[in-house]
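Chemist: one predicted model, sequence on top.
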Amino acid sequence: MWHIIITSLPEMISAMLQYTIPLAIISFILGLILAVLTALIKFIQPSENKLVKYPWLVLRAIADFYVWLFRSTPLLVQLFIIFFGLPSAGVELSPFIAAVIGFSLNTGAYASETIRSALMSVPQDQWDAAFTLNFTTKQTLMKIVLPQAVRIALPPLSNSFIGLVKDTSLASSITILEMFQVSQQITAKNYQPLLMYSLAAFLYAVVCTLLTFLQHYLERRTSRYVKGSEA
């Protein structure tokens, strides 16, 4: 048993460093950018100027449809449509690019609701106070509302990233040689499914545990001034 673990572990760790972690990081960053844009479109109220109002309402409808679509369908189905379905429409993507697109769109849909709810949790009184000080909407959003929303959204967004790291195992279904796919290939050679899949689960657990420690550290850092003011 130990011989199998010692010989398999380097190959699985290499796949994790080469595909699993980069795939999760790239997808989360792109998904977070998309989430912020989507949340702002749904959160900001358009002006009464018809040249601005109606295009903004169209954008909001598109954002609503995007969030509804990707929250209402399984991630695995989304990956299959992007990688196996789009070639029939003339769009061929590499497995890694297809996975990044699928994970980013899925993450963006869920994270946008997290960010939007965080923005809405900031009391209206703070907006009113900022406007009495002649702050513009942009200044109020950037200097007062967003910093508070970031602190509120940090725990659920961190949970989303940890979940994304585990969801990268689905990339094996579109031929990416990430860690779980490598464990499957090794299992086909040594016929030890319980051992290999348990080893894969252990490696996922190690990464997610480290990310959990990082999450708790960031939560303490972003909450230190709040605790100080409450004291």
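Modeler: Here it is on my side, so go on. Numbering: from 1, shown residues only.

Chemist: tell me how far residue 119 lies from residue 29.
Modeler: Using C-beta to C-beta, to the nearest Å, residue 119 is found at 20 Å from residue 29. Yep, even glycine has a C-beta here, placed from its N, CA and C like the rest.

Chemist: low-confidence stretches in this protein?
Modeler: By pLDDT under 70, the low-scoring segments of the chain are 224-231.

Chemist: for it, which helix is longest?
Modeler: helix 193-230 (DSSP state H).

Chemist: packing partners of that one?
Modeler: Contacts defined by 3 or more C-beta pairs under 8 Å, 6 or more residues apart in numbering; DSSP states H and E place helix 193-230 against helix 2-15, helix 146-167, helix 179-190.

Chemist: to residue 216, which of the ones you listed lies closest?
Modeler: helix 146-167 (8.9 Å; C-beta to C-beta).

Chemist: and stretch 132-142, C-alpha only, in CSV?
Modeler: The C-alpha coordinates for stretch 132-142 follow below in CSV (Å, rounded to 0.1, in the frame of the first residue of the first chain):
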residue,chain,number,x,y,z
THR,A,132,-25.5,65.4,2.5
LEU,A,133,-21.7,65.7,2.3
ASN,A,134,-21.9,66.2,-1.4
PHE,A,135,-20.6,62.8,-2.3
THR,A,136,-21.5,61.6,-5.8
THR,A,137,-23.1,58.2,-6.3
LYS,A,138,-19.8,56.8,-7.6
GLN,A,139,-17.8,58.3,-4.6
THR,A,140,-20.4,56.9,-2.1
LEU,A,141,-20.2,53.4,-3.8
MET,A,142,-16.4,53.3,-4.0
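
Chemist: going forward can the numbers begin at 34, since that is how I track them
Modeler: New numbering, starting at 34: the last item is stretch 165-175.

Chemist: picking that back up, so residue 152 and residue 62 - more neighbours on which side?
Modeler: residue 152 (21 against 13; other C-beta atoms under 10 Å).

Chemist: ok, now which ones touch the more buried one?
Modeler: By C-beta atoms under 8 Å, 6 or more residues apart in numbering, the residues touching residue 152 are 72, 76, 178-179, 182.
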